Structures are given as structure tokens and as C-alpha cells.
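Participant: Please find the sequence and the predicted model below.
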Amino acid sequence: MRPKLSTMDAKIDTTQAHPARRYNYWLGGSHYFEADRVSGDAIEAAMPTIRLMAVENRRFLGRAAEFVAAQGVRQFLDIGTGLPAPGGVGDVVRAVASSATIVFVDNDPLVTAQAAALPGSYFEADIRSPREILDHPALAVLDLAEPVGLMLAAVLHFVRDDEDPAGIVRTFLDALAPGSYVVASHATWEYVSPAAIGQLQAQNPGGRFAPRDGDVFAAWFDGHSPVPPGLVSVAHWHAEGEPQPRPAVEDVGCNGLVARV
């Protein structure tokens, strides 16, 4: 389904697939274009459980956001927000604490065009420019001297190694007050066959998508206190209340963690 666009949306390139819109397609949403569908279908042909991965990551994000809000955190910074959909960070956090302050950040102009539906402040920026985000005037609604819940769900695997993902994570964490929490998830191809990886790489021009093994991902958060059980599949983190049995780690292909700063 093609979202309705106006002359204000000239920045939106409908001919190239974008992660936020492709993710929305996998989740069964309606905010995507033909290029996103074609790309999403090609990836699914190589990795048939990709929709399961998207759904389980979304559920992990909701459980983790609820956990952080239950610890008394009342400020949230969600980077790589994605397109508005039920069960997002804002909905979950506001159900726990209706007065929570939430700032959303994404680099997709279509997300910007839909931002009025988000329950909080929004500005367009790129995670690869962490100082731009931290110094943005719109972030002034957060008091960084007080705990913040930093949400980095399914976004760091769009930062290539040459763009210093570890340094980006460190910049954000160094800006947070003690008692803050970080929620992060990251795709892995640890369980994907070499043949399927070859197919997936064909859909990955420029290496923009950079899956990583769990130990590489976890190392970016060294020095902070992981919430038990630490780094696990997003399908298994505090998932006792989810439908059982839980999906296999191999079928989900995405690790998640929550850590206290």
C-alpha cells in the first residue's frame, strides 16, 4: 500500500527501499512503497523467518520499554523510531507513566511526515551523527542530568564498521546520567547458511546493513550493568508472558539486551 504524499514530502524517495518502511511492511503495516515491498520480499526469500524477526524485535522493544519505565525512568530517547504503529515505545511507556517525556528520532522523511501520530516530541536526525542528536535544540525537553531510557532497537545494524558503531554507542552512553538504561537489539547472521548470506548480500548494496555476532554487539556496552539474563535472543528476553513455546534463536536471528548505565 502506498501512503498518501503531499507536495511537502518532496524529500521522500519512493524508488529506493528504506529500512523503516521495509520493517513496516514486514510487520503488516501500510506505510511502504513498491520498492520497499520488492526489497522486503527478496530478503524474505533468502531468510524466510524475517517477518518473525521483525515481530519478535517489536515485542522485545515493548517489554524492555515497560521494564525501564517500571524502574522509575520518566524520560526516553528513542533513536530509529520507525513508522507509528500500535505497541510502540510511546504507547508502552505512557501506559506505565502517562506523564513520561519521550523524544523520537529517525532519518526517514516518511517517518517525519507521520510524526504527528507519535506520542511525544520528534526531530529528524541520523544515529551516525550522535552529537547532532545530543546537541539538537529539541532534545532540551530531556534533562540529561536525570535518568533516561535510551532505545536503540534494530538501528545499530545500519551503521557500518567504518562509521564506528562502538564510538557512537559510547558517545550516547557517556551523555547519560547514572541510573539511565539502554535498550538495544541487533541482527545477526550467526545462524544463516553461507548460501543464504550470499543472497542477502545481493540485497545489501554498499553494505549498509551490517549484522554482527552477539559478542561483538555486547562488547559495545562493556562497563555497564546488563539486566539479567544479559544478551539473549529478542524472542527470549523476559518473555514469560508471551505465547509459548518461544521461537528458536536460529529462526529469529536478532540479539537484544538491556543495561543500566
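Facilitator: Right, received. Where do you want to start? Numbering: from 1, shown residues only.
Participant: Helix, strand, or coil at Val183?
Facilitator: Here Val183 is recorded as strand under DSSP: H, G, I helix; E, B strand; the rest coil.
Participant: list the contacts for it?
Facilitator: Residues near Val183 by Cβ atoms under 8 Å, 6 or more residues apart in numbering: Leu61, Ala64, Ala65, Val68, Gly149, Leu150, Met151, Leu152, Ala153, Gly256, Leu257, Val258. To be clear about C-beta, it is placed using only N, CA and C from the backbone, and glycine gets the same treatment.
Participant: need the contact list for the spatially most central residue of the chain.
Facilitator: Nearest residue to the geometric centre of the chain (Cα atoms, centre = their mean): Ala153, 2.5 Å. The neighbourhood of Ala153, defined by Cβ under 8 Å, 6+ apart, consists of Asn57, Phe60, Leu61, Ala64, Asp78, Gly80, Val183, Ala184, Ser185, Gly256.
Participant: What of Leu200?
Facilitator: Ile43, Ala46, Met47, Trp189, Val192.
Participant: and if you look at Gly256?
Facilitator: Applying Cβ under 8 Å, 6+ apart, we find Gly256 in contact with 57, 60, 64, 153, 183-186, 231-234, 237.
Participant: cool, Val141 as well?
Facilitator: Each residue near Val141 by Cβ under 8 Å, 6+ apart is listed here: Thr101, Val103, Ser121.
Participant: most neighbours, which of these?
Facilitator: Val103 (23 neighbours; other Cβ atoms under 10 Å).
Participant: do you know how far it is from Asp162?
Facilitator: In this view, Val103 and Asp162 are 28 Å apart by Cβ to Cβ, to the nearest Å.
Participant: coming back round to it: tell me the one among the contacts of Val183 nearest to Pro137.
Facilitator: Set against Pro137, the nearest of those by Cβ to Cβ is Leu150 (18.9 Å).
Participant: Assign the closest one to helix, strand or coil.
Facilitator: Assigned by three-state DSSP, the conformation of Leu150 is strand.
Participant: Contacts only, for the nearest residue to Thr171 once chain neighbours are set aside.
Facilitator: Spatial nearest neighbour of Thr171, excluding adjacent residues (Cβ to Cβ, 6 or more residues apart in numbering): Pro130 at 4.2 Å. Residues in contact with Pro130 (Cβ under 8 Å, 6+ apart) are Ile168, Thr171, Phe172.
Participant: Which of these fall in helices?
Facilitator: Counting by DSSP state H, the contacts of Pro130 place Ile168, Thr171, Phe172 in helices.
Participant: before we move on, back to that, out of the contacts of Val183, which are buried?
Facilitator: Neighbour counting by 16 or more other Cβ atoms under 10 Å classes Leu61, Ala64, Ala65, Val68, Gly149, Leu150, Met151, Leu152, Ala153, Gly256, Leu257, Val258 among the contacts of Val183 as buried.
Participant: quick one on the thing from earlier: backbone dihedrals for the residue nearest to the centre of the chain, both of them.
Facilitator: The phi/psi pair for Ala153 (degrees, to the nearest 10) reads phi -90, psi 120.
Participant: Can you show me the strands along this protein?
Facilitator: Using DSSP state E, the strands of the chain run over residues 75-79, 101-106, 121-124, 149-153, 181-187, 225-226, 232-233, 254-260.
Participant: on that earlier part again, the residue nearest to the centre of the chain pairs with what?
Facilitator: Beta-bridge pairing for Ala153 (DSSP bridges): Ser185.
Participant: Okay, it and Ile127: tell me how far apart.
Facilitator: Separation of Ala153 from Ile127 (Cβ to Cβ): 11 Å.
Participant: overlap in contacts of those two?
Facilitator: Counting by Cβ under 8 Å, 6+ apart, the shared contacts of Ala153 and Ile127 are Gly80.
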